[in-house]
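Asker: Give me a 3D structure for the following:
(one chain, ligands or ions: 1)
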Amino acid sequence: LNCDMAGFREVDRRQFPLQDIPAIVRLFKQQLESVSEPDLALLSIVVGAIENSLTCNRTITVQKETDTFGEAKLPAIEYHITEALYTKFHAIIKGAVDLSQYGSKKFASRELIKKVSDVIWNSLTRSYYKDRAHLQSLYSYLTGNKLDCFGVAFAVVAGCQVLGFRDVHLALSEDHAWVVFGEGGKETAEVTWHGKGNEDKRGQPIGPGVVSKSWLYVNGCPVICTRPMEVAALVSAINPSLNATSEAMEVALLQQELLWLLYDLGHLSHYPMAIGNLSDLEEVSPSPGRPPCAALFQEAATSARTYYRNQHVYPYTYQGGYFYRHKLYKEAFESWANAADVIRLYNYSRDDEEIYKEFLEIANELIPHIMKVVSSGHSARSILKDPECFAYLLRFYDGICQWEEGSPTPVLHIGWAKPLVNTISKFDADVRAQVVIICQNEDGTESTGENVSDTTVPGTTDGKSKLKSEDDVNAVIAALDEASDDCDKQKYLSNE
Ligand SMILES: CC1(C)CN=C(N2CCN(c3ncnc4sc(CC(F)F)cc34)CC2)S1
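Answerer: Prediction:
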């Protein structure tokens, strides 16, 4: 076995066949604690094989088998299958890339990375449904020549690891992936596509994306992976879905165990979305002796604030979704207001559809549903009488308004206005009057914006009457825009 089969040599043949979750966790632990770096190709093939066998050709009648200890039994992953696929990946990469052509051995070059990306890219099936599930692993690539956009980026990094380039690492935003390389990891290169119908920019640096302030490039604050964080990315990408409505329990349990292993080794601390994924799994089946999922959602938000200048939206929508599912509506409003405080820093561009859909669902489905549910209640503690809830909602809507300001693409349209107006008009004037808008001007001084109750919503008189016509709606939008024009930065505080 030559040196770069190290990943395999260390693997103790006796660990195979891997036929239960503890065996897989042992393999990952051994790889993560081994002297050299974890072997991305080996680990991606193993989890890909398990996911594929348990989700892709499952006869519905087969029940979950467990052994006497209740451990979910997995289809045995034979050593020779894994080794054959591993050898195939090495052969593809080393067969296609003649390293003597790429000068410096120490650091990768842009040309080398583009070459590896081309090798993967040109070996993919001509046309297939790119958004399908289970296309993220090297198992999918090696057995079906299919990868999704994340899978291509991961395969390029795994390919560069095969060639011995320890400087090439995965860079992750909330909806895209690329690579960093070179001395100090200062260079960036696109290696995969994004979205539908967009020309890929493979080989190019990601600079322009950051300059345009599009959410897709998270204002220059992506997750820059270490090798163990690349393992966390492949584990996060495990997809337990059997179909649109059900999941393979063993795959979800495996993902949960592997994420806890990575968490305990400290490899999730700088990876908010992986913590969010773990929280989602814990919400469904809590692990004894582990923090509650609510604490994990909070950890993800704290990680994003600490390491990524609070430029990430998903930690707050993970958290808001949790609160919403658990009918903690005021807490959900606060998380969504925090999510809007992040997006206000960006300019909405055509590549940002995913986060647009996220805010659209919150504003036009989730919040209206909450307003409907609480309107029937008559408790004095109702959120309709709580000025802090009104303040959270104003901060949420204002963040979306500010997102639109200065953007090349409009965000709001009449479809947003109706639910927005309907929501705001559910709060009576005396509740709204308790919200004080603090404006921070350019020079950092603060002034109290006109009191919200003074800006009586046009078309209403006593704050009790409801808005009627469409121009009332437009007038409200104008009033909100005017309010957001008044000051550079608004902070809505409710006075006690
Ligand atoms: C609050 C939500 C709607 C729930 N799930 C969310 N996810 C966000 C995306 N997820 C992720 N989880 C771990 N790592 C990554 S890297 C990435 C970008 C891709 F192009 F590489 C996405 C992503 C997992 C699922 S956000």
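
Asker: tell me the phi and psi of residue 189?
Answerer: phi -150, psi 130 (degrees, to the nearest 10).

Asker: State the distance from the residue nearest to residue 402 when sequence neighbours are not counted to residue 211.
Answerer: The shortest distance from residue 402 to any non-neighbouring residue, by Cβ to Cβ, 6 or more residues apart in numbering, is to residue 344 (3.9 Å). Backbone N, C-alpha and C define where each C-beta goes, glycine included. Using Cβ to Cβ, to the nearest Å, one obtains 18 Å as the distance from residue 344 to residue 211.

Asker: the more surrounded of those two?
Answerer: residue 344 (19 against 11; other Cβ atoms under 10 Å).

Asker: I'd like to check which residues are in contact with the more buried one.
Answerer: Residue 344 makes contacts with 398-400, 402-403, as judged by Cβ atoms under 8 Å, 6 or more residues apart in numbering.

Asker: Which residues in the helix or strand encompassing residue 430 does the neighbour count mark as buried?
Answerer: Residue 430 belongs to helix 429-432 when assigned by DSSP states H and E. Buried residues in helix 429-432, counted by 16 or more other Cβ atoms under 10 Å: 431-432.

Asker: Check which helices and strands that helix is in contact with.
Answerer: Helix 429-432 sits against helix 387-404, with contacts defined as 3 or more Cβ pairs under 8 Å, 6 or more residues apart in numbering; DSSP states H and E.

Asker: Now do whichever helix or strand comes after the helix it packs on and helix 387-404, the angle between them.
Answerer: Counting by DSSP H and E, the element after helix 387-404 in chain order, helix or strand, is helix 414-424. Using axes from the mean of the first three to the mean of the last three Cα atoms, to 10 degrees, the direction of helix 414-424 lies 160 degrees away from that of helix 387-404.

Asker: Pull out the buried residues from helix 414-424.
Answerer: Here helix 414-424 shows 416-417, 419-424 as buried, counting by 16+ other Cβ under 10 Å.

Asker: Keep the residues you listed, but drop any that are not near the ligand.
Answerer: Applying Cβ under 6 Å from any ligand atom, the subset of the buried residues of helix 414-424 adjacent to the ligand is empty.

Asker: Make CSV out of those residues and add pLDDT.
Answerer: What follows is the buried residues of helix 414-424, written out as CSV (pLDDT from 0 to 100):
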residue, pLDDT
416, 96
417, 95
419, 96
420, 96
421, 95
422, 95
423, 97
424, 96
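
Asker: now those residues as a markdown table including distance to residue 98?
Answerer: Listed next are the buried residues of helix 414-424 as a markdown table, based on distance: Cβ to Cβ, whole Å:
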| residue | distance to residue 98 |
| --- | --- |
| 416 | 55 |
| 417 | 60 |
| 419 | 59 |
| 420 | 59 |
| 421 | 64 |
| 422 | 64 |
| 423 | 62 |
| 424 | 65 |
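
Asker: Out of those, which comes closest to residue 295?
Answerer: Lowest distance from residue 295 to these (Cβ to Cβ) belongs to residue 423, with 29.7 Å.

Asker: That closest one touches residue 396, doesn't it?
Answerer: No. The criterion here is Cβ atoms under 8 Å, and residue 423 misses it with residue 396 at 9.5 Å.

Asker: Name the residues contacting each of these two.
Answerer: residue 367.

Asker: Residue 75 falls within a strand, correct?
Answerer: Yes. Counting by DSSP: H, G, I helix; E, B strand; the rest coil, residue 75 is part of a strand.

Asker: How is residue 178 assigned, secondary-structure-wise?
Answerer: Criterion first, three-state DSSP; result for residue 178: strand.

Asker: going forward can the numbers begin at 9, since that is how I track them
Answerer: Got it, the first residue is 9 from now on, which makes the last one we talked about residue 186.

Asker: what is it paired to in the beta sheet?
Answerer: residue 179 (DSSP bridges).

Asker: Can you name the residues that contact it?
Answerer: 161, 179, 196-200, 214, 230.
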